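> Task: produce atomic coordinates for the following.
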Amino acid sequence: MTPAPPSAHVIDAPPDRYGGGVIALHWLALVLIAGAYATIELREFYPRDSPERALLRLWHYGFGLAALAATLVRMLARASRRAPAIVPPPPVWQEELARFGHIVLYALMLGLPILGWLALGAEGRPVALAGVMLPMLTGPDQAWVKPLEKTHEIAGQAGYALIGLHAAAALWHHYVMRDNTLALMWPFARAPRRDAD
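Residues are numbered from 1 along each chain as shown. Coordinates of the predicted model:
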């Protein structure tokens, strides 16, 4: 009987860690989201109708829309390959909780910029990303401006808690559970070596 090639039994095995593209998109999204939060918070230091406040609003829009684009690309990249396994495997309830948490985070990363985009459309403001005009998601309608802005604001406040919980969970896995969850997405972690057969 001809022996199987050494790698035949690992063809369907999950990879050791996320691919470089997925890792880069994860951290890029974090930087863009941080930029969106920072610019909207910093605008409070400037008076209304000041050029600085207007500029920070424009940067806020840009960061938010760029984060939306990065999230969409990241979702496509994640769907194209299997997720790496957590070692040692966590209990099933933790896996289910993590899955739910990721769904909520993705809903936030998609929903926040879309709500902002809708609010701008309701105000009749043009929407641009890197100088490229984007289509309006809705026509001008002042009745929708305040509800959309308020929903965007509430979701944004919830985002602080969700992002904080996500970071805390990663650190808990690393320092308490001592598994490889953080290393799977950490750009400077070395991939584990496979033992030769």
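> Any buried residues in whatever helix or strand residue 147 lives in, and which?
Using DSSP states H and E, residue 147 falls within helix 142-172. Neighbour counts using 16 or more other CB atoms under 10 Å place 144-145, 148-149, 151-152, 155-156, 159, 162-163, 169-170 of helix 142-172 among the buried residues. C-beta: built from backbone N, CA, C; applies to glycine.
> Distance from the chain centre to that helix, please.
Computed by CA atoms, centre = their mean, to the nearest Å, the chain-centroid distance of helix 142-172 equals 12 Å.
> before we move on, what about stretch 73-92?
So, by CA atoms, centre = their mean, the centroid of stretch 73-92 is 15 Å from its chain's centroid.
> Next: stretch 98-118.
Taking CA atoms, centre = their mean, one finds stretch 98-118 lying 8 Å from the centre of the chain it belongs to.
> before we move on, what about stretch 139-147?
That offset, for stretch 139-147, works out to 27 Å (CA atoms, centre = their mean).
> can you list contacts of that stretch?
118-119, 121-124, 138 (CB atoms under 8 Å, 6 or more residues apart in numbering).
> do that again at 10 Å, thanks
115, 118-125, 138, 148 (CB atoms under 10 Å, 6 or more residues apart in numbering).
> Taking the residues you listed together, which two end up most distant?
Largest separation among the contacts of stretch 139-147 by CB to CB: 115 and 124, giving 16.6 Å.
> so what strands line up beside the helix or strand bottoming out on mean pLDDT in the chain?
Here the helix or strand of the chain ranked lowest by mean pLDDT, DSSP states H and E is strand 127-129, holding a mean of 81. Next to strand 127-129 in the sheet, as set by DSSP bridges, lie strand 132-134 (antiparallel).
> quick revisit: which of the buried residues of helix 142-172 lies closest to residue 15?
Ranked by distance to residue 15 (CB to CB), the buried residues of helix 142-172 are led by residue 170 at 18.7 Å.
> and the nearest residue to that closest one once chain neighbours are set aside, what is it in contact with?
What sits nearest to residue 170 in space, not counting adjacent residues and going by CB to CB, 6 or more residues apart in numbering, is residue 182, at 4.9 Å. Residues in contact with residue 182 (CB under 10 Å, 6+ apart) are 167, 169-175, 189.
> go with 7 Å
170, 173-174 (CB atoms under 7 Å, 6 or more residues apart in numbering).
> picking that back up, between residue 115 and residue 124, tell me which one has more neighbours.
A side-by-side neighbour count of residue 115 and residue 124, using other CB atoms under 10 Å, places residue 115 first with 22 against 13.
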